[in-house]
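Undergrad: Let me see the structure of the following:
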Amino acid sequence: MDSTAPTRGGAPRWMLLALVPFALVAACAVYLELHWEQIPERFPIRWGAHGPNGWSNRTFIGVYSPLILGGGLAAVLLAAGVMGYYGSHRAKAGVLMLEVTVGTGCFLALVFCGVALLPLGFPSGVLVAAVPLFGLALTGLLLLTAAAQPDEPEAPASGPPLFVPKKVGWGYSFNFANRYSWMILGTLLGGIGLLIGFTLWAHS
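TA: Purely as a prediction, here's the structure:
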C-alpha cells in the first residue's frame, strides 16, 4: 500500500508525523515536571565567548518557555503547510510545502526540547551531534520523497493557482493573486511575531 496516498479525509498518511513535535514537547514537559526539584534555582540560557551571559529562574515560564516556543513554531508551520496543501488542491508544490513544514516542525521540536533539558545537565555535546544528524537525515528523506512525487499541476479551480514555477532557477513561488498566499504569509508572520514577543516577555 502506498504510504504517500491520501486517506479518505484527503491528507497523506505520513501526515501523522505532524504529531511528533507535539509528542516530543509533551514528553519533555512531563520529564521536567517529574524532575522539578533537580532543576537549579537559577540556570544559564544564553552563552557568549566568555561563558553564560543570560540567566533564568526555576519558574513555570523560565523552565517551560523553550517548549512553548518549540511547540508554537511547529504549530505555525503546520498551519501554513496545511493551507498550502489544500489551497493548491494537493498539487506537487503543496505536497512539498507540507512535507517541509512538518519536517521542520519535528526538527525545531527536537532542538527546543534539548534546550529545555539543559538545566538538568542534558549533555550539550549530544544536542550538538544529534541536531545536524537529524537535519541531514530529514533533508535526505524530503529529497527522496520529492523525487518520487509525480509532477502534477494544480487541479482546475475557479481562481488562480497558489503556486507558480519560478522563472529563474528550480522550484515554485507563491502566486499572490491567490488569497491563500496572503493567509499563509499572515499566519507565518503573525505567529512568529507573537512567539518572538512571548520570548522577549518571558526573559525580560
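
Undergrad: Would you mind pulling up the elements that the longest helix anywhere in the chain packs against?
TA: Longest helix of the chain, by residue count under DSSP state H: helix 60-87. For helix 60-87, the elements it packs on are helix 20-34, strand 51-57, helix 92-117, helix 179-202, judged by 3 or more CB pairs under 8 Å, 6 or more residues apart in numbering; DSSP states H and E. Every C-beta, even on glycine, is put in place using the N, C-alpha and C of the backbone.

Undergrad: how about Phe43, secondary structure?
TA: Three-state call for Phe43 (DSSP: H, G, I helix; E, B strand; the rest coil): strand.

Undergrad: list the contacts for the closest residue to it other than its chain neighbours?
TA: Closest residue to Phe43 apart from its sequence neighbours, by CB to CB, 6 or more residues apart in numbering: Pro119 at 4.2 Å. Counting by CB atoms under 8 Å, 6 or more residues apart in numbering, Pro119 makes contact with Ile39, Pro40, Phe43, Arg58, Val63.

Undergrad: picking that back up, please work out the average pLDDT along the longest helix of the chain.
TA: Mean pLDDT, helix 60-87: 93.

Undergrad: Distance from that helix to the middle of the chain?
TA: Distance, stretch centre to chain centre, for helix 60-87: 6 Å (CA atoms, centre = their mean, to the nearest Å).

Undergrad: coming back round to it: export the helices and strands packed on helix 60-87 to JSON lines and append columns for distance to Gly71.
TA: Output for those, formatted as JSON lines (distance: least, CB to CB, whole Å):
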{"stretch": "helix 20-34", "distance to Gly71": "4"}
{"stretch": "strand 51-57", "distance to Gly71": "18"}
{"stretch": "helix 92-117", "distance to Gly71": "7"}
{"stretch": "helix 179-202", "distance to Gly71": "10"}
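
Undergrad: Give me the buried stretch members for the longest helix of the chain, please.
TA: Buried residues in helix 60-87, counting neighbours by 16 or more other CB atoms under 10 Å, are found at 62-85, 87.
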